[in-house]
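J.: give me the fold of what follows.
(3 chains, ligands or ions: 2)
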Amino acid sequence: MATAELVLGLLSSGPAHGYDVKRGHDAWFPDSRPLAFGQVYTTLGRLERDGLVEVVDKTSGGGPDRTVYALTSKGRDHLADWLTDPVPPAWGSADEVLRKLVAAIRTGGDAAGFLARQRASHLRRIRELRETPADDDPTSPLVREYIVAHLDADLRWLDSALDRISEQRGAHQ
Amino acid sequence: MTLETLVQLSRSRTPADRSRVQLATATLALSGALLLGALRIARLGKGDLSEGVYSNYVAESGLRSGLIAILIILAVLTGGLAVQALRLGTAARERRLDALRLAGASRKQLRQLTVTDAAIAGLVGGLLSGPAYLLLSLLFGALPRMARILPGAEVLDLALWIPVVIAMTAAGAVIGSLLHRDGPLPPAAESAAHRRTGIIAGPVLIVLGLLTSRYLGYIASTIALAGIALLFLSMSAVWIRAVGRRLQRSSDPAYMLTGLRLVTDSRPASRICMLLGCCGFLAGTMANAIAGVHAENDRGGHAAFYTTGFGLTIAGLALVALTAMAGLIVGVADQLVDQRRQFASLTALGVDLPFLRRVIRRQLTAVAAPALATGLLLGTLIGLGRVVGGAVDPFEPGTLLIAVALTAGGWVLGQLGGTAAGYLLRNQLRDALDPENLRAA
Amino acid sequence: MSGQPVLELESVEYSYRRNTALRGVSLELKPGEVVAVTGASGCGKSTLLHCAAGILAPDAGVVRVDGQDLSALPEERRAALRRTKVGIVLQFGQLVPDLPLIDNVALPLLLDGHERGEAHVAARHWLEQVGIADDADAVPSELSGGQTQRAALARALVTGPSVVLADEPTGSLDSRAGQELLDVLLQAARYRGAALLMVTHDNVVASSADREIRLRDGLIQHEVSLR
Ligand SMILES: Nc1ncnc2c1ncn2[C@@H]1O[C@H](COP(=O)(O)OP(=O)(O)OP(=O)(O)O)[C@@H](O)[C@H]1O
Ligand SMILES: [Mg+2]
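T.: Ligands and ions are numbered 1, 2, ... in the order given. Reported below is the predicted structural model:
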């Protein structure tokens, strides 16, 4: 799960309370399960420990909900790296692709570049699967075909996402 | 490319192409037979011959050269029909050439293929011209003496046949080479400017030809005829496009298709229109002349002589007109083959055979009837005298009557042609409507 | 994958009467390289392929096959080059309608001056490779779309070209038959060291390439390595 990187992405536009982070996440993914408060605070805590975020303001009340967090430069680098890397195509990796894409668009990253690399990564995986010599195992070709079909579906979606993004970019110019 | 490949690839085996080549071969055979006739008569020598055996046209040395000239002109006219025939099926043929080009054929090779195809048609036509002449001379031999203008064939005529075969092969090759275009033809080729030039230049040439015919003789007649041809070509283009536009606006898909076809490629139709118009014009002038001869009593004794001459000429022209119509029909037939996919999809929309036959008849009559009628009207009104620069009689009101009758006749003939075509094409139409065509490329 | 590129396009532009289809596309194919061209319908993929094949002459830019600028060659040489060095499989209607398959496949050899018998031997071999040897004597109208496509592929490969250009080579086939044909194509290309440029909407086909070039509105949107 890439909640940590998403939190970094949510903080990339400026310092925020944990509460704002949760609200931001739920706004980015209105159709997904809302992020639990507890998860926000444990994640922020871990990120602070790793030096990816820092506390910039703490109101007198002292409760966790009164603390303002900001990205460190290390955190910014980490976010950029994450956004650059395609997701290793694996079962159920689509969520992750979607997360990255939304984050890239929302943070003004190179979404089209990411999609291109993601396409390449998916295509490579299809070829690997196709080139693996078929053994006598009766189920592995079935499983392989299943995976190829799903990767193909992902690729179609990546395709239309690319077109949509280019159109939007064209419209903004 | 080896010779075998050249011959194999040049002969297209699609049904449309086969009928195109057959038509060209037939017309070239007729053309060759007429040429043989001219040579046969030329072989008779210079002196006058017995009028008891030969027709006056052959016996009198002065008329003989005229007859030879007429036969050669008719040979050229029928040769022109071969050009028309070879031009048919452009869309399908160009698709075939495109496919060959795609397989790596160079322009030169494509030209070689077209030329070989036409040359083979010429060769076969030339070979058939001998038997055709034999048949024609037997036919004319059975007519009254005055009409026996083709002397019977002799063994010595075999020697004349060889150059005719060579000439027809060469003619085929030349036609093929002239018709061949290197690329797909630019769609703007038949521009509005061209048509306008024709509409202006045509009448100018006609008037010029008629005014100078006294002094320039045959040169002036040729100018006048060229003007007529030009006028017909450009007017028919305008007319056909107008008809096409009107059909296109129709809410009926079949009419819309017909209209579209006429608008996007009006060239074959307007060329046939020109040919029919010219035939009509010449036939009209002949009719006018026949009327003139009958009106003059002092030539009474020779009426048979003149009438035979004019009659034979009209028969020749009718032959050319009929072949032109046949060309038009074959053209429509291969458009049908070409567009069988669209027609088949019309079946799915509920279009049936009688309806499609009406559409085709309409397309044909829209071209043929006005062309023949206008040609006949103009020809009769202007008259032979004005065209060849002979004595011009004052305009007779009687001529007007003949002109009207002939115009109506031409119109009816055009309509009949369209109806006949609808009948002749019924099988092609049925095939075209066959839903199986939806599979064809 | 080294050596001189067998196919080079340099800022190629092409416009149809009303539409601009290519706005400056450059690409290079090394011997043995397989490149997939993808992109939305109407983005100029087929046009690109036609320019590369010398079927369309670009309005601007250069196309080189085996280092030879196509526009600089006389037509005769250009046709010969296309016949011997370039194999083309188009999206539609590439077979000569009245010729039996065997002759259709043998056509480039016949046009090149080979004897009929010799050309037929090669043609039959390729018809077998693509799995339609039984239909050798059928004419194109008697074939299914997929069979037509196989025949076109056989014809593209019969001269042993150094570049194969394929427009949707598996477009009319179901996925299994498509993959079979794709394997024939890839093997033929790899075995002979021929470069392969294929336009495709099919991700499985694209996945077998070394590189993906994606077009959008007549421009290269991106180019990624799949190796
Ligand atoms: N003969 C033509 N005349 C005019 N415009 C054309 C012609 N052929 C193609 N076009 C236009 O050029 C553009 C590119 O066409 P092209 O055939 O290269 O697209 P494509 O990427 O191959 O599409 P598809 O995936 O649907 O085959 C399109 O906008 C199309 O409308
Ligand atoms: Mg295309």
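J.: and the helices in the chain?
T.: Picked chain A for this. A:3-11, A:18-28, A:37-49, A:73-84, A:94-106, A:111-131, A:140-172 (DSSP state H).
J.: that's the wrong chain, I wanted chain C
T.: Defined through DSSP H, the helices belonging to chain C, from first to last, are C:45-53, C:75-85, C:101-111, C:116-129, C:145-157, C:175-192, C:203-207.
J.: how about those in a markdown table, adding mean pLDDT?
T.: Rendered in a markdown table, the data for the helices of chain C read as follows (pLDDT from 0 to 100):
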| stretch | mean pLDDT |
| --- | --- |
| helix C:45-53 | 92 |
| helix C:75-85 | 86 |
| helix C:101-111 | 91 |
| helix C:116-129 | 92 |
| helix C:145-157 | 88 |
| helix C:175-192 | 83 |
| helix C:203-207 | 91 |
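J.: nearest to chain B, out of the ones you listed?
T.: Between chain B and these, the shortest separation by Cβ to the nearest Cβ is 2.8 Å, and it involves helix C:75-85. (C-beta placed from N, C-alpha, C; glycine too.)
J.: now do the closest one against helix C:101-111, angle only.
T.: Inter-element angle recorded for helix C:75-85 and helix C:101-111: 130 degrees (by axes from the mean of the first three to the mean of the last three Cα atoms, to 10 degrees).
J.: okay, angle between helix C:75-85 and helix C:45-53 too, please.
T.: Using the same axes, to 10 degrees, the inter-axis angle of helix C:75-85 relative to helix C:45-53 is 110 degrees.
J.: which residues touch helix C:75-85?
T.: B:101, B:103-109, C:6, C:53-54, C:65-66, C:68, C:70, C:73, C:88, C:108, C:111-112, C:159, C:161-163 (Cβ atoms under 8 Å, 6 or more residues apart in numbering or on different chains).
J.: apply 6 Å and report the result again.
T.: In this structure, residues lying in contact with helix C:75-85 by Cβ atoms under 6 Å, 6 or more residues apart in numbering or on different chains are B:104, B:106-108, C:54, C:65-66, C:70, C:108, C:112, C:159, C:161-162.
J.: out of the helices of chain C, which gets nearest to ligand 1?
T.: Closest of the helices of chain C to ligand 1 is helix C:45-53, at 3.1 Å (criterion: Cβ to the nearest ligand atom).
J.: quick revisit: mind checking which of the helices of chain A is nearest ligand 1?
T.: If you check each of the helices of chain A against ligand 1 by Cβ to the nearest ligand atom, helix A:140-172 wins as the nearest, at 12.3 Å.
J.: buried residues in the closest one?
T.: Along helix A:140-172, the positions that meet the burial threshold by neighbour count (16 or more other Cβ atoms under 10 Å in any protein chain shown) are A:144, A:147-148, A:150-152, A:154-155, A:158-159, A:161-163, A:165-166.
J.: need the winner for burial among the helices of chain A.
T.: Comparing these by mean neighbour count (mean count of other Cβ atoms under 10 Å in any protein chain shown), helix A:3-11 ranks first with a mean of 23.
J.: send me it as CSV with only the CA atoms.
T.: As requested, the backbone C-alpha atoms of helix A:3-11 are provided in CSV (Å, rounded to 0.1, in the frame of the first residue of the first chain):
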residue,chain,number,x,y,z
THR,A,3,-0.6,5.4,1.7
ALA,A,4,2.7,7.0,2.8
GLU,A,5,3.5,8.3,-0.6
LEU,A,6,0.0,9.6,-1.0
VAL,A,7,0.3,11.5,2.2
LEU,A,8,3.5,13.0,0.9
GLY,A,9,1.6,14.0,-2.3
LEU,A,10,-1.1,15.5,-0.2
LEU,A,11,1.4,17.6,1.6
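J.: packing partners for that helix?
T.: Helices and strands touching helix A:3-11, as assessed by 3 or more Cβ pairs under 6 Å, 6 or more residues apart in numbering or on different chains; DSSP states H and E, comprise helix A:18-28, helix A:37-49, helix A:73-84.
J.: what's the least confident stretch among those helices?
T.: Among the helices and strands packed on helix A:3-11, helix A:18-28 carries the lowest mean pLDDT, at a mean of 88.
J.: I'd like the distance from it to the chain centre, please.
T.: Chain-centre distance of helix A:18-28: 15 Å, with Cα atoms, centre = their mean, to the nearest Å.
J.: then stretch B:230-239?
T.: For stretch B:230-239, the separation from the chain centroid amounts to 16 Å (computed by Cα atoms, centre = their mean).
J.: do stretch B:12-21 as well
T.: A distance of 19 Å separates the C-alpha centroid of stretch B:12-21 from that of its chain, computed with Cα atoms, centre = their mean.
J.: pull out the buried residues from that stretch.
T.: Judged by neighbour count using 16+ other Cβ under 10 Å, the buried positions of stretch B:12-21 are B:12, B:14-17, B:19-21.
J.: could you report the separation of B:Val76 from C:Leu226?
T.: Taking Cβ to Cβ, to the nearest Å as the measure, B:Val76 falls 66 Å from C:Leu226.
J.: between these two, which one's more packed in?
T.: Here B:Val76 and C:Leu226 are set side by side on neighbour count (other Cβ atoms under 10 Å in any protein chain shown), and the busier one is C:Leu226, at 21 against 13.
J.: where does the stretch 201-350 of chain B get nearest to ligand 1, which residue?
T.: Taking Cβ to the nearest ligand atom, ligand 1 has its nearest neighbour within the stretch 201-350 of chain B at B:Thr264, 14.3 Å off.
J.: how many residues are close by that residue?
T.: By the criterion of other Cβ under 10 Å, B:Thr264 has 13 neighbours.
J.: same thing with B:Ile290?
T.: For B:Ile290, the tally of surrounding residues (other Cβ under 10 Å) stands at 20.
J.: counting by contacts, list what the host helix or strand of it packs against.
T.: Using DSSP states H and E, B:Ile290 maps to helix B:267-295. Contact partners of helix B:267-295 among helices and strands, from 3+ Cβ pairs under 6 Å, 6+ apart: helix B:218-248, helix B:303-338, helix B:353-388, helix B:397-424.
J.: and with 8 Å instead?
T.: Contact analysis of helix B:267-295 by 3 or more Cβ pairs under 8 Å, 6 or more residues apart in numbering or on different chains; DSSP states H and E lists helix B:61-87, helix B:218-248, helix B:303-338, helix B:353-388, helix B:397-424 as its packing neighbours.
J.: show me the contacts for the residue nearest the centre of chain B.
T.: Note on chain B: the residue nearest the mean C-alpha position is B:Ala324, at 3.7 Å, using Cα atoms, centre = their mean. With contact taken as Cβ under 8 Å, 6+ apart, B:Ala324 is in contact with B:81, B:84, B:272, B:275-276, B:279.
J.: and the gap between the closest residue to it other than its chain neighbours and B:Ala315?
T.: Taking Cβ to Cβ, 6 or more residues apart in numbering or on different chains as the measure, B:Ala324 lies nearest to B:Leu275, with 4.4 Å between them; neighbours along the chain are not counted. As defined by Cβ to Cβ, B:Leu275 lies at a distance of 17 Å from B:Ala315.
J.: of these two, which one has the most company?
T.: When B:Leu275 is set against B:Ala315 and neighbours are counted by other Cβ under 10 Å, the residue ahead is B:Leu275, at 26 against 12.
J.: how does chain A divide into domains?
T.: A:3-84, A:96-172 (automatic domain parsing).
J.: let me know the secondary structure of the closest residue to chain C within the stretch 51-200 of chain B.
T.: Distance from chain C to each residue of the stretch 51-200 of chain B (Cβ to the nearest Cβ) is smallest for B:Gly104, at 2.8 Å. Three-state assignment for B:Gly104 (DSSP: H, G, I helix; E, B strand; the rest coil): coil.
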